[in-house]
Structure formats: C-alpha cells, structure tokens
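In: With the input below, show me the fold.
(2 chains, ligands or ions: 2)
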Amino acid sequence: MRQMITARLQRSWDLRAAGNFIGGGAGTGLVLASVLLGDGGLSLVAGLALVGLGLAMVWLEIGKPWRALNVFFHPQTSWMTREGIVAGPLMAVGGGYWLLGHPALLVPLVVLAAGFLYCQSRILRASRGIPAWKQAEIVPLIITSGLAEGAGLLALFAEPAPAVLAWALAAGLAREGAWMLYRRGLVASGNASGALAIFGSGPAQAARMAQGLALALWLLALAGLPVAPLAGLLAAGSGWGIKALLITRAAFTRGASVPYAPVRGRGLPMALGGR
Amino acid sequence: MTRYVMVADLRRCVGCQTCTASCKETNATPPGVQWRKVLDIEAGQYPDVRRIFLPTGCQHCDQPPCMEVCPSTATRKRDDGIVTIDYDICIGCSYCAVSCPYEARYKVESAEYVYGAGPISQEKARAAQQKIGVVTKCTFCVERIDAGVKAGKVPGIHPEATPACVNSCLSGALRFGDIEDPDSVVSRLVGDNKWFRQHEDEGTGPGFYYLWDGGRP
Ligand code: SF4
Ligand code: SF4
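Out: Ligands and ions are numbered 1, 2, ... in the order given. Here you go, the predicted structure:
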C-alpha cells in the first residue's frame, strides 16, 4: 500500500541547537587547523571560544538549565553525555597549550578536539526520528564540514601560509565528497523527500554555490592571489548555513506508517476478543 | 516476565477520539500535547482510497532510542516494558524527542491551560509544575497499573489496572495486557489476527500492535 505522507518538521531543536553544531564544528575545526599548522595563538583561543559559544547556545535551549550537570549521567550510550564529557578537558588542555605551548599537550588536544567533533556527528546520527539526521553519511559530513569551516576561519585569523591553504582546499574537497555521499544516501533511504526538497531550495543552493566558490578561491590563493580571506569567509559561512538548514528546516519526521489497510466489516468472534 | 503492550484493532476504530479525550482528562496534558492521539489518514489512490484511523502515542519500545540518547538517564525502561521519564532528572534537552521515530514526546516551556489564563479544576488537580520545561509522553497510565496490580487486579481485565484510553474506547479497538501471558486478551488477539507494528525497520520493537485482518473471515 502506498505510504501516506504525514511527515512534519520537528519543532524540538531550533537555531540554538543548530548553534551548537555550528560553533562546535567550526570551533574544533579551527583548533585542529591552528595547532596542526603551527599557529597555537589567538586562533586556538577563538576556536575554543566558538566551542564554548555553541555549548552556551544549548544551555539556553534546555528546559531546565540549572540541571545542566545531569547531562553527564549517561556515558554508556548517550553521545550528548560523551560530548559534554569531552568538552571540559578540551577547554582545559586547549587553554594550557595556549598558555604554555608545551608539545606534550599537542596530542591530547588534537584527540579531544577530534573527539568532540566526532561526538557531534554521532549526536545527529542517533536522532532516529529525523531521517535527514540519522543517515549514516551524516558522520563524515559533519566532521569534514567542521574541518572545512575551521580551516576557513584560520585563513581569516592567521597568515594564509601555503600549508593553511592546502589544508583548507583538502578539507573543502573532503566536504564535497561527504556531501555527495550524504545526498546519495538520503535518496537511497527513500525516507527523506522533505529534506531533499529543502536542500534543493534557494538558500541551500546558495550555500552550496558558496562552497564551490570557496574551493575555486583556495586554488587561486595557492596560485598567489590575495583571495584567501574571502575563501575562508565563504568556506565557514556556507557550512554554517547548511547546518542551520539541516537542523531547522530539513529536519522532517518519518510520519506514521501503515503498511496494511484494515479489512473492515467482518467483525470479530467473541472468542477472539470481540464484544 | 511481564511485557505490557497495547493492541489497536484498526477494523474497529471509528476515529471518535474518545481515548484522546480520556487521556487528556486523566493526565491533564496542556493544549497541543496529545500523549494519546488518533491520526485520521487518507491512504491509497483512486479508486482504492481508504480512510484509516490510527491510534498512536508512545510505543513503549523494546529497544527505546529515546532511552539510549537521554544524557540524564531520566528516560528508563521498567522490567515490564513500560518506558518512563523521571521529571526530577530530565533537563529538557529534547534529544529523546528527535530520537523517537513515533513523534511521541512533547516539551512545554511554560504553563498553559485549556481555557486561557487559569487552570480548570482537573488541571488544578492533575497538572504538575514539575512537567514544565521537561519532556513528557504517554506512560501507559503507569501509576494506575501499579496501584491496580498492588490491589490484586489484572491489567487489561480490570479497569482499575488498565490505561484510561483503553477503558474509554467505545468500540473495543484498544486493548491492553501482558503479551508474555499466553492467555491474555492481547496475546490471543495478536496470535489470531494479522498485525503490523509501525516502522519495524527501525528495530525498536514497539509494544503497540495494529490488527488489520482477522485470522478467519
Ligand atoms: S515510542 Fe518513542 S518515546 Fe516511546 S519508547 Fe519508543 S522511542 Fe521512546
Ligand atoms: S529531554 Fe529529558 S528525557 Fe529527553 S533526552 Fe533530555 S534529559 Fe532525557
């Protein structure tokens, strides 16, 4: 029987929740880019601040903000708890590395930032009520998007050295690949027509074009043209736009499922529970 | 072991929403919150178009994704299969709501009453401040079941131990009971009829069975 469409847009998470994925993704992406490319200065602090800003947005959204510590209760299975657990050490180690610059802190900092980004991707993946989020390919998409956004911000904040430009180009290309896979997965799942329509809308197309333009500009910047700041702006802003759309507009439920229509008019014998 | 489930006989449901009203009255859910609801669905293509009334709500899943994601452990599953929320622990993050494939969960930010500014007597008696800012859903009227069982009553047989929606259903479409008991009404209904559960592909093992055809004409 043809499945009736009763899917609707979720109303549980709004722009504040999207803010966590925007701040956390770009922030950890910036932390990773800045420490791996040898710039542990202000860009590292900016990355940590973005992560903190994202978490503050979540705090604003939860219904009982003064119970926020309860978020740590369920590390066994909840990716939200795991994100919360990683956040503290990430801030501490990041702050320590910024202050002391001790190389022993580099590895834990990279692991924590990558872990935080991974947790974010799994938070969406575990949201089983929203087909556009639970799609398996959301994991590489969120990770590569965070990396591309962070690399873009580094090109804004710091001297766009060739290594930074190459990293940004690689992250942007990886994001393109992840996007293709994600879209293909959504189409194959057959449960996300609403989300696909949103991704075909004007704002989503504009964000996607900005992502493509950023890639072209990274190439030009590598060739010596002074376009890196613009490329960075486009790489970060476009990723944020897509995430905002993903959380607030492409987040449709599956709706009800009725694989068989009821056969009416036969009644049930008393023995089978009839009345 | 006990596993409480609900059975909805789609052949019998007439879409009267008495269960919906009964649930709202019993649990004093705020405007817009429907722990029990009956979807009125038009399905198929001309000339084979059907109208289907689908009672739904929390399916009290065997593997509840809401419980898996809950960062506070407010959402738990009892040994009898009933999925509960501890309103004193819940932080109102709504992660469970986006993880439920059955759209069964609700969060209200501030006290709202059915007739505007003040609560009516039922809301005064039942609506609880502790349900504001947290997530709520159908509980299978768990307090009623517990009190009834304690008093020696059998859920699904005695109204004192049976969810309000089932008690109110005028067509006998909604049934409740222990599916682990082979003699229970729900076991016999599920055993003798064709049924489906919603979104089986999710692997959640919903405790809500929909009868759609009889074992015999
Ligand atoms: S129906 Fe939804 S809220 Fe109820 S147990 Fe299943 S996942 Fe949880
Ligand atoms: S809203 Fe409450 S019950 Fe739902 S996931 Fe958050 S803490 Fe758990």
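
In: Get me the contact residues on chain B for ligand 1.
Out: Residues of chain B lying close to ligand 1 (Cβ under 6 Å from any ligand atom) are B:58-61, B:64-66, B:83, B:100, B:102, B:104-105, B:137, B:204. (C-beta placed from N, C-alpha, C; glycine too.)

In: Which ones among the residues you listed lie within helices?
Out: Judged by DSSP state H, these include B:65-66 as members of helices.

In: ok, so of the residues of chain B next to ligand 1, who is nearest A:I198?
Out: B:C100 (21.3 Å; Cβ to Cβ).

In: Phi, psi for the closest one please.
Out: Dihedral pair for B:C100: phi -90, psi 120, per degrees, to the nearest 10.

In: how close does it sit to ligand 2?
Out: 9 Å (Cβ to the nearest ligand atom, to the nearest Å).

In: next one: B:R175
Out: From B:R175 to ligand 2 the distance is 28 Å (Cβ to the nearest ligand atom).

In: Same question for B:I145.
Out: In terms of Cβ to the nearest ligand atom, B:I145 sits 20 Å off from ligand 2.

In: Over to A:G38?
Out: 40 Å.

In: The closest residue to that residue other than its chain neighbours: neighbour count?
Out: Spatially, and ignoring its direct neighbours in sequence, A:G38 is nearest to A:A163 (7.8 Å; Cβ to Cβ, 6 or more residues apart in numbering or on different chains). By other Cβ atoms under 10 Å in any protein chain shown, the residues close to A:A163 number 13.

In: on that earlier part again, among the residues of chain B next to ligand 1, which ones are in strands?
Out: B:V83 (DSSP state E).

In: pLDDT score for the residue nearest to A:G38?
Out: Listed pLDDT for A:A163 reads 96.

In: Verify the stated contact: it with A:D39.
Out: No: between A:A163 and A:D39 there is no contact under Cβ atoms under 8 Å: 9.8 Å.

In: Would you enumerate the residues in contact with the residue of chain A found nearest chain B?
Out: Chain B sits closest to A:G63 of chain A, with a gap of 2.2 Å, by Cβ to the nearest Cβ. A:G63 is in contact with B:90-94, B:107, B:109, B:132-135, counting by Cβ atoms under 8 Å, 6 or more residues apart in numbering or on different chains.

In: Equivalent analysis for A:L234, please.
Out: A:152, A:210-211, A:213-214, A:217.

In: what's the answer for A:A155, then?
Out: By Cβ under 8 Å, 6+ apart, the neighbours of A:A155 are A:164-165, A:168, A:221, A:228-229, A:231-232, A:235.

In: just A:G47 next, same as before
Out: Counted by Cβ under 8 Å, 6+ apart, A:G47 has contacts A:26-31, A:34, A:94, A:113, A:150, A:153.

In: Mind putting those into CSV with pLDDT and neighbour count?
Out: Converted to CSV, the contacts of A:G47 look like this (pLDDT from 0 to 100; neighbours: other Cβ atoms under 10 Å in any protein chain shown):
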residue, pLDDT, neighbour count
A:A26, 98, 32
A:G27, 98, 29
A:T28, 98, 32
A:G29, 98, 31
A:L30, 98, 33
A:V31, 98, 34
A:S34, 95, 30
A:G94, 97, 27
A:A113, 98, 31
A:G150, 98, 33
A:L153, 97, 25
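
In: Buried ones only from the contacts of A:A155, please, as a PyMOL command.
Out: Remark: buried members of those, expressed as a PyMOL selection using 16 or more other Cβ atoms under 10 Å in any protein chain shown:
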select buried, chain A and resi 164+165+168+221+228+231+232+235
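
In: Restricted to helices, list the contacts of A:A155.
Out: Using DSSP H, the contacts of A:A155 in helices are A:164-165, A:168, A:221, A:228-229, A:231-232, A:235.

In: returning to that earlier point: just among the contacts of A:L234, which is most surrounded?
Out: A:G152 (32 neighbours).

In: Can you tell me the element that one falls in?
Out: helix A:138-157 (DSSP states H and E).

In: Flag every buried residue along that helix.
Out: Buried residues in helix A:138-157, counted by 16+ other Cβ under 10 Å: A:138-157.

In: Show me what the lowest-mean-pLDDT helix or strand in chain B is packed against.
Out: When each helix and strand of chain B is scored by mean pLDDT, DSSP states H and E, helix B:121-126 comes last, with a mean of 78. Secondary structure elements in contact with helix B:121-126, counted by 3 or more Cβ pairs under 8 Å, 6 or more residues apart in numbering or on different chains; DSSP states H and E, are helix B:18-27.
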